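Novice: coordinates for the following, if possible.
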Amino acid sequence: MHKIMEKTFELIDAMDESEMIKKLEESKRKVLENKEIQELLKVGNNTSIEYEQLEIKKKLYEYPEYRGYMKYYDELMFLVMKINQGFKKFTKNGRRCVR
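Specialist: This is a model prediction of the structure:
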């Protein structure tokens, strides 16, 4: 196996075992178990009215379970973006391949 692929799999394994992922999964479990949060999410996902979505977001952030989930979700997304930026340096060259 190529060294880069091997290191990438090691990174994925390390992330799976990380405290951040464990906290994200725990927060997600709490959000899924909370019927009030689930109802707000259902209503929010079924409306396209912007002010209703904003009000629902405000209500969601009143729940510590939801705030915790979003905190760890955001941390993970920033980490993934940083990793993707690193990979992009290797794939961005200005030339296009023709199939």
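
Novice: what residue ranges in this protein score low on pLDDT?
Specialist: Residue ranges of the chain with pLDDT under 70: 1, 93-99.

Novice: quick one: the helices in it?
Specialist: Counting by DSSP state H, the chain has helices at residues 3-16, 19-33, 35-45, 50-60, 64-91.

Novice: tell me the centre residue of the protein?
Specialist: Note on the chain: the residue nearest the mean C-alpha position is residue 73, at 4.0 Å, using C-alpha atoms, centre = their mean.

Novice: quick check, that residue in contact with residue 23.
Specialist: No - assessed by C-beta atoms under 8 Å, residue 73 is found out of contact with residue 23, at 10.3 Å. C-beta: built from backbone N, CA, C; applies to glycine.

Novice: run a quick neighbour tally on the closest residue to residue 41 other than its chain neighbours.
Specialist: Excluding the flanking residues, the one nearest residue 41 by C-beta to C-beta, 6 or more residues apart in numbering is residue 60, at 7.4 Å. Counted by other C-beta atoms under 10 Å, the residues lying close to residue 60 total 19.

Novice: which residues does residue 60 contact?
Specialist: Neighbouring residues of residue 60 by C-beta atoms under 8 Å, 6 or more residues apart in numbering: 37, 40, 41, 44, 66.
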